[in-house]
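K.L.:
No letters, just coordinates:
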């Protein structure tokens, strides 16, 4: 049974109902509908912390989805899972791939900045200030891109950029 039919939470059920209605009335191919079903099931599994199941659904959605914009969100969500699992190198790879298809994903830039900032903090703990500065500079570049896309967001990042003299 597809995950969309067994969700117990109200928001997931509501989303599934609305999504099913939209899939019936919007002209789409059967492949697009199937890709969306896998994507939706992936999001549901991800929200419940079932990352292995979510990844399986996202990979299947990627196999079926042809639209670059839609693929960018699938790739972004795969990146989120790898970030949650502490697999930062893989996460960065998926965020890059998402941005190649859709350069207007400020959340991907933000998540990349967070990973770079974290790596900078790790370098400081290891006593390597030169490497730390390189990571912090990279974080700053990604945050600037996110802020350019959504100037009202990422206030903490904006403050960090100002405090560290990286905001231009």
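P.N.:
Yep, it's here. Worth saying up front: this structure is predicted, and the values here are computed from it rather than measured.
K.L.:
so which strand or helix has the residue nearest the centre of the chain?
P.N.:
Centrality entry for the chain: nearest residue to the mean C-alpha point is residue 76, 3.2 Å, by Cα atoms, centre = their mean. Counting by DSSP states H and E, the secondary-structure element that holds residue 76 is helix 68-84.
K.L.:
which strands and helices sit next to that helix?
P.N.:
Applying 3 or more Cβ pairs under 8 Å, 6 or more residues apart in numbering; DSSP states H and E, one finds that helix 68-84 contacts helix 30-47, helix 51-64, helix 88-101, helix 106-125. Every C-beta, even on glycine, is put in place using the N, C-alpha and C of the backbone.
K.L.:
thinking again about what came up before, would you check that the residue nearest to the centre of the chain makes contact with residue 95?
P.N.:
Yes. In terms of Cβ atoms under 8 Å, residue 76 counts as a neighbour of residue 95; the distance is 6.7 Å.
K.L.:
which residues do these two both contact?
P.N.:
Common neighbours of residue 76 and residue 95 are listed as residue 108 (criterion: Cβ atoms under 8 Å, 6 or more residues apart in numbering).
K.L.:
and residue 56, what is it in contact with?
P.N.:
Applying Cβ under 8 Å, 6+ apart, one finds that residue 56 lies in contact with residue 42.
K.L.:
quick revisit: and the gap between the residue nearest to the centre of the chain and residue 54?
P.N.:
13 Å (Cβ to Cβ, to the nearest Å).
K.L.:
Residue 161 is in contact with residue 143, isn't it?
P.N.:
Yes. Using Cβ under 8 Å as the test, residue 161 is close enough to residue 143 to be in contact (6.1 Å).
K.L.:
higher neighbour count, these two?
P.N.:
Neighbours were counted for residue 161 and for residue 143 using other Cβ atoms under 10 Å; residue 143 has more, 26 against 19.
K.L.:
residues contacting that one?
P.N.:
Counting by Cβ under 8 Å, 6+ apart, residue 143 touches 109-110, 113, 154, 157-158, 160-161.
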